[in-house]
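Trainee: Sharing a model prediction with you, sequence too.
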Amino acid sequence: MCSARRAEATVADDIWPVVHAERRALADDLAPLTAEQWSAPSLCEGRTVLDTLAHMVATAGGTPLAFVGKLASSGFRFERMTAKEIVAMSAGGPAATLERFRAVVDASSGPPGPTDSWLGETLVHAEDIRRPLGLRHGYPVDAVIRVIGFYSRSNLLIGGKKRVAGLTLRATDTDWSYGDGPVVEGSAMSLLMVTAGRPAYLDDLSGQGLDELRRRLPA
């Protein structure tokens, strides 16, 4: 049975201090990158490391009203709007983009949507950037668990609910499990990333439900 509520109770209602701290840690990790590293593919499909950070800048600096205006000016096409934001926020290259990111690390707003989506945005995209670069980071486990629970109950944008339906997710680095059915187990962060649709983390997991989960993710 689902035990997500027990884990989520350890997370403060205000997620923003965690978001701010994780953005700041990412900015520090990215400061010494080479030009080649900035142009490396991230785990966010079709985006480089620089593109993904530019997207994070746009999201962190956004507001519900600004989001609606930009979406309208893009013909209500979300991907078109996002592409335009990336071009704008990456203008001037990596140094300028990183400076823009540092300017919004303490922002506590974003496009319309559940607050937990901005916690997820921060954790998942930070790992989208770090993993291909071989950068290791210790994410706060209670925050990671909170986002897995959020994604597992919703198909909004991420499609996490249908991805893990009928499976039991079990963390090996904390006392947490979610769902019913064949078990998929591994670190909380690896479970979060596969729930968010990142197949690169499948090899970090094990369990009777892994083959089924593998079929549900892109090759």
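Mentor: Thanks, I have the structure now.
Trainee: Poorly predicted segments of the protein, please.
Mentor: Along the chain, segments meeting pLDDT under 70 span 1-12, 71.
Trainee: tell me which residues in the longest helix seen in it are buried?
Mentor: Secondary structure of the chain read by DSSP state H shows that its longest helix is helix 115-133. For helix 115-133, a neighbour-count test (16 or more other C-beta atoms under 10 Å) marks 116-132 as buried. Any C-beta I mention is one placed from the backbone N, CA and C, and that applies to glycine too.
Trainee: what do you get for stretch 72-85?
Mentor: 74, 81, 82, 83, 85.
Trainee: repeat for stretch 20-36
Mentor: 20, 22, 23, 25, 26, 27, 29, 30, 33.
Trainee: so which two of the residues you listed are the farthest from each other?
Mentor: 20 and 33 (21.3 Å; C-beta to C-beta).
Trainee: now the spatially closest residue to residue 31 that is not a sequence neighbour: how far from residue 20?
Mentor: Spatially, and ignoring its direct neighbours in sequence, residue 31 is nearest to residue 98 (6.8 Å; C-beta to C-beta, 6 or more residues apart in numbering). The gap separating residue 98 from residue 20 is 16 Å, by C-beta to C-beta, to the nearest Å.
Trainee: Quick check: chain neighbours aside, which residue is closest to the most centrally placed residue in the chain?
Mentor: For the chain, the residue nearest the mean C-alpha position is residue 124 (1.9 Å; C-alpha atoms, centre = their mean). With C-beta to C-beta, 6+ apart as the measure, residue 196 is the residue that lies nearest to residue 124, at 4.9 Å, once sequence neighbours are left out.
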